[in-house]
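> below are the sequence and a predicted model; questions follow.
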Amino acid sequence: ESRMADQPGAIEALHSDDFYKDFFTNDFDASRYANNIIQGTSIALCLQKLAEGINRLEGELHEQVASNHHDLIVQATSMEKLESVLQVITSRVESLQKAADRVRDKLDKPYQKLVTRTNQLARLQNACEILRRTARFQNLSKRLFEQAKGGTREIAKTAHTLSELQALAEEIDLSGIDVVDADQAKIREVRETVEQQAKHMLQQSIETSNQSQTGIALQVFRNLEQLDDRIDGLLSERLRVVKEAVLDAFDPVAFEAAMATEKATRTGAALKAAVWTNVDKMFLTLSNIVSQALHVQRTLARKRDPTTQVRYCDMLKRANIGALFIADAFQAVGPALQQCLRTQPAVRKALEAEYPRLLKQATDFWARTERSAPEPGELGDDGFSHVRASFAAIETAYLSQTLSRLFEPVNVIFPEDSVMPPSAEEIGNLVKTLSRELDAAAFDSHLANGISRNIAKTVRLFSVRCESTRQTGREAVQVSRGCTDAMSCNIMLVGRMDQLRSGLLDQIATQKRLPSAAAEVITHSLEDVEVLQRDILDSIFAAIATHLDGVLLTMHSENYSGSSVSSDPREEPDQPCSAYVMVLQSQIGVIEAEILSRLTVRDAVAERTQALLAHLLRSFVRLASLIQNLTESGKLRLAADMAQVELALAQLTRLASVRLSDLVEPYQALRSLRPLLFTELEAIPSSSIVGTSVSYSVVLHYLFALSPTIKPPHTLKNWSIEQYSTWLAAHTEGEALDAIAAALDAYLSTVKARGESKFAPAYPVMRALLQRARA
């Protein structure tokens, strides 16, 4: 074979010839091949090819035998040895088989005998077991019949025996045994009797809240393995009673007499009384039924299996049956209640009108239920949600009606054709209405939140109506002629808004039961009122400040540069001060009497009056420092004006609840400017008040008045005194110093341009102050 593999021979040649390839396939069929030859090519040619192939194979075979002659002889010798070895092995295998047959014959008979004896023993054991179980059954039956004679006193033991008989029957089939079959009917009779007694005992003990009897009844059903079914049946029965109570409470027949009375009297009192009487009965029934369910749960939680010490409540498929029963009960109450209300519109109206009363009864019911729970919190945090859900439609309708009731007084006190604010009495009635609705809902956080949102909407509507009533235009901010009608309207509006705001805040403060979330909603809604209130007040005080600034500005129409002024202005009793000061005194008196004193929002008025006084003090100091060409007599007159201005502004201190001296910075500036007028020029830089009590810019502006040759900043900018004063009020001290520096630089350039070397006496002082101010 190795040589055949090494060189190509006849086999390889036949493989490569397409004619012979069919002979090398595994599924070669000679008959099929012959039929193909007959139907196809020439038979003679095929026979010739086949003969050639045979000859080539024979030649190749002869050649192989000749070339491998020695190997073939060796293989033939080995075959003879192999045959002799196989004969020896065969003889030994036959001997082994005969020995195995002899052993099998010796073991078979003992094995068959052993199988027979084993079967006999199993039958004996089975018979003994049946006899023992039968004896056990007879003992249990005898005990059962004795216990059954004891009635309800032995009912728990009787149930336990029945449980043992049931377990015995499940372990082995004793049917067909006469003594067993004879007692089966009586056992079934005892079982039925025990079940009926246990049901009756459980029913009575639940109604009387007798925990001992309830425990015995539950133990009977536990022994009978009916605890789950009995509890489910008990709760289903109670659920049916709840549905009947709801249907009875709103039965149309129950209201026929009340409806007849209402038609006669047209007061609705009879129907309302009948509705709430039935609601009281319904909640009483609900309370009793839920109390019974909780009584069962409490007993289940305390009762334990005597063997395993497992609580009965842990053996149930459903835990916390009290909470589950309440959920199921009120899920049934909701549809039943809705069905009744759809057919009883008058009853629905009565419940919607006094929904807080209905919810209060539900809340009290839930409080009693929680107190009756076996453990605190056992009914769950969301247990009351099931109670509330059954009244959801009524609550929605009540909130909608409440919103309408709250909007109505707002629309009444703000009629479409009137521009006058409501009266104090009307606002008081509105506050009472809001407080009454809030007080009625304060006991329940959810309802209180809903009412608070309605109150917030009402407050926003009130704010919108106030905004539409508010007077705008020039008349609303005209203060020169006292209080105009438009301003009087706004002042009254501010008072009414404050009356509503303070009334609601007082109600929130005194309402201890009100949830913080509800209080926050109402307080947040009052921000709209406060914003409008502040806006009106700010516009009034801004108008007052602008008007009094205009009065102070007229000081620049006074002559402070003449020499005819007396050295002591007090010697002129007819005119102790300038004309603008008297106008200021008069205007402040009018404003205080006719405008500010009518504002009832004292805190807001005091805060803004303080700001107004500080503003007027700063304006006076700033305008006084801008007076030009100030002579010595003019200084005396200006000092007298300062004293009178202080007296004029003191008229507002009562409303501001402060003294002028309490306005430290602006008051010190006014007080310090007076001695500065009479301080020598050279001593001004060293004065302790410069830069502390009086700002550098004020002192520098005053020095411009002492040196007419140095043009002040507003002259260089071609601004009026009013424009420059407004600019100074709106800019910082640093920007004011920059403007002053520019004026000094312009003066320096002018002096240099004229070729002069001598400066005005005030110039070096001003440069020194400016340099110190910027240090």
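On my side now, so go ahead.

> secondary structure class of residue 686, three-state.
coil (DSSP: H, G, I helix; E, B strand; the rest coil).

> what is the burial count for it?
8 (other C-beta atoms under 10 Å). C-beta coordinates here come from the backbone N, C-alpha and C atoms, glycine included.

> swap in the one 3 residues further on?
Burial of residue 689 is recorded as 17 neighbouring residues (other C-beta under 10 Å).

> tell me how far residue 88 lies from residue 25.
43 Å (C-beta to C-beta, to the nearest Å).

> which residues does the one residue sitting closest to the centre of the chain contact?
The structure's the chain has its C-alpha centroid closest to residue 517; by C-alpha atoms, centre = their mean the separation is 11.7 Å. Residues near residue 517 by C-beta atoms under 8 Å, 6 or more residues apart in numbering: 445, 449, 452.

> can you name every helix or strand that the helix or strand residue 169 falls within contacts?
With elements taken from DSSP states H and E, the one containing residue 169 is helix 155-171. With contacts taken as 3 or more C-beta pairs under 8 Å, 6 or more residues apart in numbering; DSSP states H and E, helix 155-171 sits against helix 69-148, helix 178-208, helix 211-223.

> closest one to residue 408 among these?
helix 178-208 (50.5 Å; C-beta to C-beta).

> list the buried residues of that closest one.
If you call a residue buried by 16 or more other C-beta atoms under 10 Å, then helix 178-208 has these buried ones: 180, 183, 187, 190-191, 194-195, 197-199, 201-202, 205-206.

> just checking, what packs against it?
By 3+ C-beta pairs under 8 Å, 6+ apart, helix 178-208 packs against helix 69-148, helix 155-171, helix 211-223, helix 227-249, helix 269-302.

> could I get these as CSV with mean neighbour count?
Shown next, in CSV, are the helices and strands packed on helix 178-208 (neighbours: other C-beta atoms under 10 Å):
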stretch, mean neighbour count
helix 69-148, 11
helix 155-171, 19
helix 211-223, 21
helix 227-249, 17
helix 269-302, 19
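
> among those, which gets the worst mean confidence?
Mean pLDDT is lowest for helix 155-171 out of the helices and strands packed on helix 178-208, coming in at a mean of 75.

> run through who's touching that one.
Counting by C-beta under 8 Å, 6+ apart, 133, 136-137, 140-141, 143-144, 147-148, 150, 174, 187, 190-191, 194, 197-198, 201, 216, 219-221, 223-225 sit against helix 155-171.

> check the offset of it from the chain's centre.
Relative to the mean C-alpha coordinate of its chain, helix 155-171 is positioned 56 Å out (C-alpha atoms, centre = their mean, to the nearest Å).

> between it and helix 178-208, how big is the angle?
When axes from the mean of the first three to the mean of the last three C-alpha atoms, to 10 degrees is applied, the directions of helix 155-171 and helix 178-208 differ by 140 degrees.

> what's the angle between helix 155-171 and helix 211-223?
For helix 155-171 against helix 211-223, the angle by the same axes, to 10 degrees is 10 degrees.

> for the stretch 301-450 of the chain, which segments count as strands?
Shown for the stretch 301-450 of the chain, no strands are assigned by DSSP state E, counting those that start in this stretch.

> show the low-confidence segments of it, by residue range.
Scanning the stretch 301-450 of the chain for pLDDT under 70 picks out 312, 314-315, 317-323, 332, 372-384, 386.

> give me that answer again for 80
The stretch 301-450 of the chain contains residues with pLDDT under 80 at 301-344, 346-347, 365-390, 417-419.

> do a quick rundown of the helices in it.
Counting by DSSP state H, counting those that start in this stretch, the stretch 301-450 of the chain has helices at residues 312-315, 321-343, 345-353, 355-372, 383-389, 392-413, 424-441, 445-469.

> can you tell me how far residue 21 is from residue 29?
14 Å.

> again but with residue 438, I slipped
For residue 438, the distance to residue 29 - C-beta to C-beta - is 108 Å.

> which one's more surrounded, the two?
residue 438 (22 against 11).

> and residue 237, how close does it get to residue 155?
In terms of C-beta to C-beta, residue 237 sits 21 Å off from residue 155.

> ok so, going back, need the helices and strands packed on helix 155-171 in a markdown table with distance to residue 609, can you?
Below are the helices and strands packed on helix 155-171 laid out as a markdown table (distance: least, C-beta to C-beta, whole Å):
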| stretch | distance to residue 609 |
| --- | --- |
| helix 69-148 | 97 |
| helix 178-208 | 75 |
| helix 211-223 | 74 |
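
> quick one: which of these is nearest residue 278?
Between the helices and strands packed on helix 155-171, helix 178-208 lies closest to residue 278; by C-beta to C-beta that is 22.6 Å.

> report the distance from that closest one to the chain centre.
That offset, for helix 178-208, works out to 55 Å (C-alpha atoms, centre = their mean).

> before we move on, what about stretch 359-368?
Worked out by C-alpha atoms, centre = their mean, stretch 359-368 lies 25 Å from the chain centre.

> average pLDDT for stretch 478-490, rounded please.
Across stretch 478-490, pLDDT averages out at 85.

> same check, this time on stretch 729-746
93.

> swap in stretch 549-567?
Averaged across stretch 549-567, pLDDT comes to 77.

> what's the angle from the helix holding residue 169 to helix 69-148?
Using the same axes, to 10 degrees, helix 155-171 lies at 150 degrees relative to helix 69-148.
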